[in-house]
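**Q** the amino acid sequence is not available; the structure is as follows:
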């Protein structure tokens, strides 16, 4: 059975309907376990004190913020090449989730930075890159909202996602270049290599799994809503024509 | 449950968790609400379409 | 393609919103900043590179939503789409016309603005070089944004939201060139990166712009 079968809206609705309760359940369990474990049952870092506990939200949300954009890029390409509506709608559905993840990454990043840098906001390359990513998500969502015709909207937002991805990469490089003189060596070290200690690593993995499952559940749910929306528009158009 | 001493970092840590969980709750809430609203609207539209189809059938029968 | 370019140029000049508007806006921003920030010379000298570039970005934005609007309104955009001239060339011609009426005048006028903002003397040639090499990218990116939003009636604000984040790499490298030049450092690395972005934008974005135009005209 090929993956392309799920491009068929009916098949997608059936399959997603079956996966959804499992994804939601997994998300709830993994998030609870990961966050409770990380918050209550891990020690403080000798350098960063209890702020290291923020890692269990900051790292997963930052990872998701990027990965969701990549998923949107892939599904946009699939739409442009193979014209599967489910693909275009999945990209549309994923965007608000990506935006929320970016905001969470920004908020936790800034709050983590405050005790480290003594300021509520710092133009650290990572934080700045996420601020720019936030703008890209907003632009993408705004374009979907602005265009009436759903197929044209899908087309234009797909092109925007493509061009935006190139510029997002350029921006990341540019921001690193830009910030060289300001915050030498002050960026948070989020490398898992640094936190190789198992006592931090395992709750982090569970937390990441929880965020991924949450994304899957929310994305499926939102895509189902979009597919229903398309059917609703078709019905209403037919009624108007009748 | 071990009581956690967050020391001087209590505000950033608690703040992070509260803000993040609030944002996630808002996203989940919005998603579920939009989904339920769409199901209702679609059901309504399908019922209307049914009714309209039956009306034209009875018209043709006459 | 040259015919289209000259036509757009003439239209821009006749409408009066061509050379004048972007340039005037550039000056206005340059005047507003010291009024907002204070006249202290060392402060101004430090932020002059950034201000010049931000003013250039904003001035470039001004004429974008009219880029395709006139043609779309009177139907000539549809004609252009079916003409033997590829839409990619149309996009390039529009970009060139936009640059000649906005980016180029801005670049030439920049020494005056730099003087108002107390840019150190060493920075002037770098400012002109950076703007000259960077503003074409602004026009190309702006053309893409305009192509995306050509179907919208009040697309101006959305256009800005879409285009300004895309301007960021050019802004960062462009301002960095002037900053380094102003203190006497060699500014060639960021200048090359800036030129690279412009080359990529001019070469590749017309394809994206043409695709967007086709999607909107369908």
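**A** Cool, got the structure. Note that this is a predicted model, so its numbers are computed, not measured.

**Q** touching chain B at all, stretch A:123-132?
**A** No: contact of stretch A:123-132 with chain B (Cβ under 8 Å from any Cβ of the partner chain) is absent, the minimum separation being 13.9 Å. (Glycine included, C-beta is placed from N, CA and C.)

**Q** quick check: mean pLDDT of that stretch?
**A** Computed over stretch A:123-132, the mean pLDDT rounds to 89.

**Q** cool, and stretch C:155-162?
**A** Mean pLDDT, computed over stretch C:155-162, is 92.

**Q** try stretch C:96-116
**A** Per-residue scores along stretch C:96-116 average to 93.

**Q** quick one: the helices in chain A, in order.
**A** For chain A, applying DSSP state H gives helices covering A:9-40, A:55-82, A:85-117, A:125-146, A:150-178, A:198-241.

**Q** and of those, who's closest to residue C:53?
**A** For residue C:53, the closest of those is helix A:150-178, at 12.2 Å, according to Cβ to Cβ.

**Q** counting contacts, what elements does the closest one pack onto?
**A** helix A:55-82, helix A:85-117, helix A:125-146, helix C:123-148, helix C:156-182, helix C:188-217 (3 or more Cβ pairs under 8 Å, 6 or more residues apart in numbering or on different chains; DSSP states H and E).

**Q** CSV for the ones you listed, including mean neighbour count?
**A** Below are the helices and strands packed on helix A:150-178 laid out as CSV (neighbours: other Cβ atoms under 10 Å in any protein chain shown):
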stretch, mean neighbour count
helix A:55-82, 21
helix A:85-117, 23
helix A:125-146, 20
helix C:123-148, 26
helix C:156-182, 24
helix C:188-217, 20
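
**Q** make JSON lines from those and add distance to residue C:95 to it.
**A** Listed next are those as JSON lines, based on distance: least, Cβ to Cβ, whole Å:
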{"stretch": "helix A:55-82", "distance to residue C:95": "23"}
{"stretch": "helix A:85-117", "distance to residue C:95": "28"}
{"stretch": "helix A:125-146", "distance to residue C:95": "20"}
{"stretch": "helix C:123-148", "distance to residue C:95": "5"}
{"stretch": "helix C:156-182", "distance to residue C:95": "13"}
{"stretch": "helix C:188-217", "distance to residue C:95": "7"}
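
**Q** out of these, which gets nearest to residue A:225?
**A** Of these, the one closest to residue A:225 (Cβ to Cβ) turns out to be helix A:85-117, at 7.5 Å.

**Q** nearest to residue C:116, of the helices of chain A?
**A** helix A:150-178 (24.7 Å).

**Q** report the inter-axis angle for the closest one versus helix C:188-217.
**A** Counting by axes from the mean of the first three to the mean of the last three Cα atoms, to 10 degrees, helix A:150-178 lies at 170 degrees to helix C:188-217.

**Q** what's the burial count for residue 40?
**A** Going with chain A. Neighbour count of residue A:40, defined by other Cβ atoms under 10 Å in any protein chain shown: 13.

**Q** hmm, no, I was thinking of chain C.
**A** With other Cβ under 10 Å as criterion, residue C:40 counts 11.

**Q** what residues does chain A have near chain C?
**A** Residues of chain A lying near chain C (Cβ under 8 Å from any Cβ): A:132, A:135-136, A:138-139, A:142-143, A:146-147, A:152, A:155-156, A:159-160, A:162-164, A:167, A:170-171, A:173-175, A:177-178.

**Q** next, count neighbours for the nearest residue to residue C:112 once chain neighbours are set aside.
**A** Take residue C:112 and drop its neighbours on the chain: the residue closest to it by Cβ to Cβ, 6 or more residues apart in numbering or on different chains is residue C:27, 7.8 Å away. Using other Cβ under 10 Å, residue C:27 has 17 other residues around it.

**Q** verify the stated contact: residue C:27 with residue C:106.
**A** No: with contact defined as Cβ atoms under 8 Å, residue C:27 and residue C:106 do not form a contacting pair (9.7 Å).

**Q** in contact with the residue nearest in space to the middle of chain B, which residues?
**A** The centre of chain B sits closest to residue B:32, judged by Cα atoms, centre = their mean, with a distance of 1.7 Å. Applying Cβ atoms under 8 Å, 6 or more residues apart in numbering or on different chains to residue B:32 gives the contacts residue A:221.

**Q** three-state assignment of it?
**A** Of the three states, residue B:32 takes helix under DSSP: H, G, I helix; E, B strand; the rest coil.

**Q** look up how far chain C lies from it.
**A** According to Cβ to the nearest Cβ, to the nearest Å, residue B:32 and chain C sit 28 Å apart.

**Q** who are the contact partners of the residue lying closest to residue A:29 once chain neighbours are set aside?
**A** In this structure, residue A:29 finds its nearest non-sequential neighbour in residue A:210, 7.7 Å apart by Cβ to Cβ, 6+ apart. Applying Cβ under 8 Å, 6+ apart, we find residue A:210 in contact with A:26-27, A:29-35, A:60.

**Q** for those, pick the one with the most neighbours.
**A** Going by other Cβ under 10 Å, residue A:60 tops these with 28 neighbours.

**Q** after the least confident helix or strand in chain C by mean pLDDT, next one along is what?
**A** Counting by mean pLDDT, DSSP states H and E, chain C has its least confident helix or strand at helix C:2-15, which shows a mean of 68. Counting by DSSP states H and E, the element after helix C:2-15 in chain order, helix or strand, is helix C:19-37.

**Q** can you list the buried residues in whichever helix or strand comes after that following helix?
**A** Under the assignment DSSP H and E, the closest C-terminal helix or strand after helix C:19-37 is helix C:41-62. Buried residues in helix C:41-62, counted by 16 or more other Cβ atoms under 10 Å in any protein chain shown: C:44-62.

**Q** give me the phi and psi for the residue sitting furthest away from the middle of chain C.
**A** Note on chain C: the largest C-alpha distance from the chain mean falls to residue C:40, namely 29.2 Å (Cα atoms, centre = their mean). Main-chain torsions, residue C:40, degrees, to the nearest 10: phi -60, psi 120.

**Q** relative to residue C:34, how far out is it?
**A** Per Cβ to Cβ, to the nearest Å, residue C:40 is found 9 Å from residue C:34.

**Q** then residue C:71?
**A** Residue C:71 is 39 Å from residue C:34, by Cβ to Cβ.

**Q** mind checking which helix or strand residue B:5 is in?
**A** Counting by DSSP H and E, residue B:5 is part of no helix or strand.

**Q** report how many residues lie close to it.
**A** 8.

**Q** which ones are touching it?
**A** Contacts of residue B:5 by Cβ under 8 Å, 6+ apart are residue A:50.

**Q** read off the pLDDT value for it.
**A** 72.

**Q** what's near enough to touch residue 104?
**A** With no chain named, the answer covers chain A. Contacts of residue A:104 by Cβ under 8 Å, 6+ apart are A:57-58, A:61, B:19-20, B:23-24.

**Q** try again with chain C
**A** Residue C:104 neighbours (Cβ under 8 Å, 6+ apart): C:132, C:135.

**Q** so where's the chain uncertain?
**A** If you meant another chain, say so; for now it's chain A. By pLDDT under 70, the low-scoring segments of chain A are A:1-3, A:180-197, A:242.

**Q** other chain: chain B
**A** Within chain B, the ranges that satisfy pLDDT under 70 run B:1-3, B:6, B:61-62.

**Q** which residues of it lie near chain A?
**A** Residues of chain B lying near chain A (Cβ under 8 Å from any Cβ): B:1-2, B:4-10, B:12-13, B:15-17, B:19-20, B:23-24, B:26-28, B:30-32, B:34-35, B:38-39, B:41-42, B:45-46, B:48-49, B:52.

**Q** hmm, try it at 7 Å
**A** For chain B, the residues in contact with chain A (Cβ under 7 Å from any Cβ of the partner chain) are B:1-2, B:4, B:6-7, B:9, B:12-13, B:15-17, B:19-20, B:23, B:27-28, B:31, B:34-35, B:38-39, B:41-42, B:45-46, B:48-49, B:52.
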